[in-house]
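Undergrad: fold the following and give me the result.
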Amino acid sequence: MSKFKHALNARDYHIRTLRAGCGILLLLLLVALSGWMLSPRNLTIHNPPDLRSGSTRAWWEIPPSTVYAFSFYIFQQLNSWPKDGDSDYPYRITTLAAYLTPSCEALLRQDAKQRKDQGELRERVRGVSEVPGRGYREDSVTVVDRDNWRVRLDLVADEYYNTEPVKRALVRYPLKVVRWDKNPEANPFGLALDCFSDVPQRLEAAPVAPVEKKGVLN
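TA: Numbers count the residues shown, from 1 in each chain. A predicted model of the protein is given here:
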């Protein structure tokens, strides 16, 4: 009788063990499913422009060439005033806000207001482009750490009053760039300008004869 009782006890113990194992597997399955559901649907991978020799890098690593290209593109757009700086400059700041840190956006809005109050933007047309021969080089970007960079842009800034050229300057703009994964829908680059890391430096200037028109600022 004890033999059969022992066998029944062993069977019941084995069933309880299997049930406990099934419960643990179910719990692990739920954890795996929740992790899968919370994982990002899109993953941005930054590749260098020249892939002829291949590239192996961590997915979170952003190459300096990408940081430079981002900085130049956004800064060029900020300084593109095709019609009238009075309206174009604030409009550019608004449309590019997703690519600016909050402190940089506030600084640019303050700058736009101050320049507008002083009459420096009225009927001004502006554009910037790279200085020929001074595009991206290895020393154009300084890697501070994984999430911060300093970028040096050597640009030509041209300004016009209506159709008359009033200023041309070659300027080195030292910019700060930070990793900014806040809103991938609005900012697929995952980067943001944090304005200047130092005071812009005049490289050389091509003087333009002043225009004798009322209200023109040189």
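Undergrad: look up how far Thr17 lies from Asn9.
TA: Plainly put, Asn9 is 13 Å away from Thr17 if you go by C-beta to C-beta, to the nearest Å. In this view, the C-beta of every residue, glycine as well, is placed from N, C-alpha and C.
Undergrad: just Tyr73 next, same as before
TA: 62 Å.
Undergrad: and those two? which has more neighbours close in?
TA: For Tyr73 versus Thr17, the count of surrounding residues by other C-beta atoms under 10 Å is larger for Tyr73: 13 against 10.
Undergrad: my read is that one is in a helix, agree?
TA: Yes: judged by DSSP: H, G, I helix; E, B strand; the rest coil, Tyr73 forms part of a helix.
Undergrad: need phi/psi at Val141.
TA: phi -130, psi 130 (degrees, to the nearest 10).
Undergrad: for it, give the beta-bridge partners.
TA: Val151 (DSSP bridges).
Undergrad: local confidence estimate at it?
TA: Listed pLDDT for Val141 reads 93.
Undergrad: residues in contact with it?
TA: Pro64, Ser65, Val67, Tyr68, Trp149, Arg150, Val151, Arg152 (C-beta atoms under 8 Å, 6 or more residues apart in numbering).
Undergrad: these: which two are farthest apart?
TA: Greatest spatial distance among the contacts of Val141 (C-beta to C-beta): Ser65 and Arg150, at 14.8 Å.
Undergrad: burial measure for Ala186, as a count.
TA: For Ala186, using other C-beta under 10 Å, the count is 9.
Undergrad: not counting residues beside it along the chain, what's closest to the residue nearest the centre of the chain?
TA: In the chain, the residue lying closest to the centroid (C-alpha atoms, centre = their mean) is Leu191, at 2.0 Å. Closest residue in space to Leu191, ignoring its immediate chain neighbours: Phe70 at 5.0 Å, by C-beta to C-beta, 6 or more residues apart in numbering.
Undergrad: which helices and strands sit right next to the host helix or strand of the one you found?
TA: Element membership for Phe70 (DSSP states H and E) is helix 64-78. Judged by 3 or more C-beta pairs under 8 Å, 6 or more residues apart in numbering; DSSP states H and E, helix 64-78 is in contact with helix 85-95, strand 124-130, strand 141-145, strand 148-161, strand 164-179, strand 191-196.
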